[in-house]
Every structure is written in C-alpha cells, then in structure tokens.
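Peer 1: build me a model from this:
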Amino acid sequence: MMLFQEPRLSARSPCAYLPEKMWRFEYFFATDLNPGELEELLSRGWRKFGDYFFRPRCDDCRECVPIRVIAGDYRPTKSQKRTARKCRDVKVRFTELSYREEIFDIYRDHSMSRFGKETDPNEFIGAFYNPSCPCLQSEYFLDDELVAVGFLDRAEESLSSVYFIFKTAHEHLGLGTYGAMKEIEYAVQQGLGYYYLGYWIKGNGRMAYKGSFRPHELYDWCREEWRRG
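Peer 2: Alright, predicted model coming up:
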C-alpha cells in the first residue's frame, strides 16, 4: 500500500442521512492496496471511493453500522425472489473496470433523480475509475440496453459493493436489490466468504433494504468486532 496521507479527522458538518445530527469522518488517501490490505480495512469498518478511504467518527452517534452478508449462507427472501422474477430477462456480466460515456449517463440520471444532484464526469471518473485496489464492475442489460452498473472492490476473502447505479426508467424492476443478489452469487462463485454492503442506518429508509440480506453480520464500533445480525 502506498499511503499519501496519515489518517486524520474531517470537520463536523450536517449529516446527510440523519438530518438532526452532525457527522465527521476519519480519512486518508492511499493506492496500490493488495487484497489482504483491503480485507483488513474492510474488516475494521473502512469504505472507499477511488483513493479516498473513510469511516465515520462522530462524537455521539454510532448509527452508521458496517454490514456484510455471509455469502455462502445467503438465501433470498420472498420479496427478493419476486424481484428476481421481474428481472428474469436482465443479463449480467462481470468485467474489468471500463469507462464508457453511457455509464456516466446512467450515473447522471441516477444522481439527479434520487438526490437532485448535478454531476461532473471528472469527479465520476476520479471516484470510480481511479483504482487503488483490485476492482471490477458488474453490468446489467435488458434487450441489449445497458440499464445498471455496479462498482466493486475485490479483497482477499470478500467482495465489496462500492456503488450501484441504474436507469430510473427501470426503477420498477428493483435493479438495486437484484444487483446485490447477483453480486452475492458472484462472490460465492469466486470462493469468497463475505459481501460488504457498506453502511446500514436503521433510521434511514433508503438503507432499509440492506438489512433484508441474511444472514449478515454487523460491526460493533465499541468492541471492534463483528456480530451476527
């Protein structure tokens, strides 16, 4: 691992997930991580975009809980099975990172629709096509049309979902849920034990779906250990 900066704390700012709270992060910049180094960071609650690594370090809140699915034991719920049936015509492939303008178009549509956020192609490339560790992407096609893309990190014992985007015209298909199901399936095929879903916040509706992937483990920030959820 090539470390550009030792971990430091960000300034406090309003939380994007729990509006009544303030948040801050511990963060650093690094590149050239091998799978074992990435595994160690994921196992201690770190997340990343490009070469920016971060984890919450809020003064009085531990609501951002790292969650990981025990990949080989995963069994879909009835709702997830219904989603799989709706997506039965969606074709999936896993490939090396490969930027295309149509992928940025999906990101721009997704960001504007869900967050009302304008996007910049250079920021997008910096976050998702500036690999600092082993990475790949998942692509989802419906009638030969690219409708969704997942960005993933590959660690020694796990697959980690960095971000997932889809065309909002196909939101009714539940592509976000379907993407997680297919990525868990891929993790099992690769002989990996875990699938990291990022942070789960009990009080945030947009993150509620993460808790439905079982069995899973949640990270205890105080004890610095994983426990069955």
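Peer 1: contacts only, for Arg57.
Peer 2: Listed by CB atoms under 8 Å, 6 or more residues apart in numbering, the contact partners of Arg57 are 9, 24-26. Where you see a C-beta, it was placed from the backbone N, CA and C, and this is true even at glycine.
Peer 1: equivalent analysis for Tyr17, please.
Peer 2: Taking CB under 8 Å, 6+ apart, we find Tyr17 in contact with 23, 63-64, 201, 204, 207.
Peer 1: on the three-state scheme, it is what?
Peer 2: State at Tyr17, reduced to three classes by DSSP: H, G, I helix; E, B strand; the rest coil: coil.
Peer 1: got a pLDDT number for it?
Peer 2: pLDDT for Tyr17: 87.
Peer 1: how much space between it and Tyr99?
Peer 2: The gap separating Tyr17 from Tyr99 is 29 Å, by CB to CB, to the nearest Å.
Peer 1: who's in contact with the lowest-mean-pLDDT helix or strand in the chain?
Peer 2: When each helix and strand of the chain is scored by mean pLDDT, DSSP states H and E, helix 101-115 comes last, with a mean of 91. With contacts defined as CB under 8 Å, 6+ apart, helix 101-115 is touched by 117-119, 121, 124, 146-149, 165-168.
Peer 1: before we move on, which element is Ile125 in?
Peer 2: helix 121-128 (DSSP states H and E).
Peer 1: list the buried residues for that helix?
Peer 2: 124, 127-128 (16 or more other CB atoms under 10 Å).
Peer 1: which stretches of this structure form helices?
Peer 2: Counting by DSSP state H, the chain has helices at residues 35-42, 78-86, 101-115, 121-128, 175-189.
Peer 1: bridging residues for Phe141?
Peer 2: For Phe141, the beta-bridge partners under DSSP bridges are Lys91, Leu146.
Peer 1: what's the burial count for it?
Peer 2: Here the number of neighbours of Phe141 (other CB atoms under 10 Å) works out to 14.
Peer 1: let me see the contact set for it.
Peer 2: Going by CB under 8 Å, 6+ apart, Phe141 touches 90-93, 147.
Peer 1: emit the ChimeraX select command for whichever of the residues you listed are buried.
Peer 2: The ChimeraX selection below is limited to those of the contacts of Phe141 classed as buried (16+ other CB under 10 Å):
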select :90,92,147
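Peer 1: with pLDDT added, can I get the contacts of Phe141 in CSV?
Peer 2: Formatted as CSV, these follow (pLDDT from 0 to 100):
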residue, pLDDT
Val90, 98
Lys91, 98
Val92, 98
Arg93, 98
Val147, 98
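Peer 1: for the contacts of Phe141, give me CSV that also has distance to Met181.
Peer 2: Shown next, in CSV, are the contacts of Phe141 (distance: CB to CB, whole Å):
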residue, distance to Met181
Val90, 11
Lys91, 14
Val92, 10
Arg93, 15
Val147, 15
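Peer 1: of all the contacts of Phe141, which two lie farthest apart?
Peer 2: Arg93 and Val147 (12.7 Å; CB to CB).
Peer 1: burial count for the closest residue to Pro66 other than its chain neighbours?
Peer 2: Computed as CB to CB, 6 or more residues apart in numbering, the closest residue to Pro66 that is not its neighbour in sequence is Tyr219, at 3.9 Å. By other CB under 10 Å, the residues close to Tyr219 number 23.
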